[in-house]
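*Asks:* Got a predicted structure plus its sequence, pasted below:
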Amino acid sequence: MWPRIGGLRSLALGTPGELRTTLNTLVLAGVKTATAGLISEYAEENEELEHVGERLALVDDHDALVGVVEVTGVEVVPFADVPWDFARCEGEGDRSIEEWREGHRAYWARQGTQVDDDTRIVCIRFRLISAGDGGISTGDLST
């Protein structure tokens, strides 16, 4: 199971270090409004898919809360069918769907998973609900 903070499932983007810091910064700036994951990771972690309206705790490298996002869309599609509109919403600077696919194949390969056109991808769209200077450590996470 993924860690929980205040009853919310955590959203740990990318890998710890520079990548996670960059991705969190993009979320907090309102640039990144989507993320992609492997459906196989949900099975491995015994986790259900996110659902529209669910709030997630955006965390840093130490699982400290840096913000709260609300899921606005969830779709599972084959890797080859991830649309450019979704990829662009990931906000990571890709200039085409081909560039997005190349970058994501390489990322998942570094994590030990080979991705082909039929690999099922979870496409999550979200909006930033709250953030604070240095993160949020107290308060009502539901707001």
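*Replies:* Right, received. Where do you want to start?
*Asks:* Helix, strand, or coil at the nearest residue to Val77 once chain neighbours are set aside?
*Replies:* Closest residue in space to Val77, ignoring its immediate chain neighbours: Ile121 at 5.9 Å, by C-beta to C-beta, 6 or more residues apart in numbering. Bear in mind the C-beta positions are built from the backbone N, C-alpha and C, glycine included. The three-state label given to Ile121 by DSSP: H, G, I helix; E, B strand; the rest coil is strand.
*Asks:* beta partners for Ile121?
*Replies:* Listed beta-bridge partners, Ile121: Leu38, Val77 (assigned using DSSP bridges).
*Asks:* number of nearby residues for Val27?
*Replies:* 23 (other C-beta atoms under 10 Å).
*Asks:* Now do the same contact list for the residue nearest to Val77.
*Replies:* Contact analysis of Ile121 by C-beta atoms under 8 Å, 6 or more residues apart in numbering lists Ala36, Gly37, Leu38, Ile39, Val76, Val77, Pro78, Phe79, Val82.
*Asks:* Need the residues you listed in CSV (columns: pLDDT and distance to Phe126).
*Replies:* Listed next are those as CSV, based on pLDDT from 0 to 100; distance: C-beta to C-beta, whole Å:
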residue, pLDDT, distance to Phe126
Ala36, 97, 12
Gly37, 96, 12
Leu38, 97, 18
Ile39, 97, 18
Val76, 98, 16
Val77, 98, 17
Pro78, 98, 22
Phe79, 98, 20
Val82, 98, 16
